[in-house]
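>>> kindly return the folded structure for what I paste below:
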Amino acid sequence: MQFAQSDLRALTVFRAVVEHKSFLGAQITLGLSQSAVSFHIKALEDRLGYKLCRRGRAGFELTDRGAIVHAKSKALFLALNAFESEIGTLKNRITGTLRLGLVDNTITDADLPIHRIIARISDKAPEARLELVIDSPDALLAEIANGGLDIAILPETEPYQGLKLSRLRDEMHSLYCAKGHPLFTADEADISVQRVEGFDFVVRPYANMRELQYFPGARAKASASNMEAQAMFVMSGRYLGYLPDHYAADWVQKGIFRALLPKEARINSPFIIATRLGESPSTILDFFIRELAGLASETLHRKKPLIGK
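The predicted model follows:
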């Protein structure tokens, strides 16, 4: 089977449907109508000679062959992106597609202003394309390993086969309660580790129970898949939970959240950059990494105390 431009377009639509787990998600992402998405999927199935996916009351589901096509298409698009990048290099232009993965709540972190890099890419590399995915650390690592992402910024994790993990920065987390919780109005002198351990905690599975390191006798009664879910439990006034200080700052200022034992129980959460091991970066990925390094250096110098002060 020889591929035509229309086949690549249909594969692009198919990948969008799979990654969003719905035709609607692909419509929104690609700016296509429902009939156009259906047309491309049907055209690709006709070209290949078999069904790629099923739609029904149970939702969207890949067939066995559809899963294989999706997996193989990642390698194809990686190769196309690398080719486009190399051609751009010959013309002294930054081209290609960068697929970036982040964990949620990054937007409130003044020390990691990804929006500034997005602006730089738009200004300096108008021919490049940027795709941004927000997901859990485990999902981001898996996507980099299988070619779905090019780079991710996430909390430190265990070594992952085939990936290069580089330390980027540290993020500080504190234990919070919300208005309505018994500890919200308690005197500082009356708050101790032992008293805190008597209340229910919410934790994130991917934090590997580090959130209870200062409270070994605490009860983890709720689980949150991401930081927004964690904040929702805390805001209920029934749970204690760790949140990044930059993320909780607005609620603290509004008198909704309160940090507990801020001197004794803060957690340092290292952040890392994850990329594929042994793979030459595309021009757009190289540009992003250099911009990220510049921001990290800028943040370090901004926080470094002046001599004699």
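>>> what's the end-to-end length of stretch 252-259?
Its first and final residues considered, stretch 252-259 spans 8 Å by Cα to Cα, to the nearest Å.
>>> which other residues reach it?
The contact list for stretch 252-259, computed with Cβ atoms under 8 Å, 6 or more residues apart in numbering, reads 174-179, 183-184, 234-235, 243, 245, 248, 251. All C-beta spots, glycine's among them, are computed from the backbone N, C-alpha and C.
>>> then stretch 48-55?
So stretch 48-55 is in contact with 1, 14, 17-18, 23, 41, 44-45, 60-63, 65-66, 69, going by Cβ under 8 Å, 6+ apart.
>>> and after the strand ranked longest in the chain, which helix or strand comes next?
Longest strand of the chain, by residue count under DSSP state E: strand 163-178. Tracing the chain past strand 163-178, the next element assigned as helix or strand by DSSP states H and E is helix 193-196.
>>> still on that earlier bit, would you mind writing the PyMOL command to select the buried ones in the contacts of stretch 48-55?
In PyMOL, this line selects whichever of the contacts of stretch 48-55 come out buried by 16 or more other Cβ atoms under 10 Å:
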select buried, resi 14+17+18+23+41+44+45+60+62+66+69
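>>> hmm, which of the contacts of stretch 48-55 is lowest in pLDDT?
For these, the weakest pLDDT value sits at M1, with 60.
>>> which stretches in the stretch 51-200 of the chain count as helices?
64-90, 114-124, 137-145, 193-196 (DSSP state H, counting those that start in this stretch).
>>> mind putting the ones you listed into JSON lines with distance to Y239?
Output for the helices of the stretch 51-200 of the chain, formatted as JSON lines (distance: least, Cβ to Cβ, whole Å):
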{"stretch": "helix 64-90", "distance to Y239": "38"}
{"stretch": "helix 114-124", "distance to Y239": "29"}
{"stretch": "helix 137-145", "distance to Y239": "22"}
{"stretch": "helix 193-196", "distance to Y239": "12"}
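>>> out of the ones you listed, deepest packed?
Stretch with highest mean neighbour count among those: helix 137-145 (a mean of 19; mean count of other Cβ atoms under 10 Å).
>>> which stretch in the helices of the stretch 51-200 of the chain is the model least sure about?
The weakest mean pLDDT among the helices of the stretch 51-200 of the chain belongs to helix 64-90, with a mean of 75.
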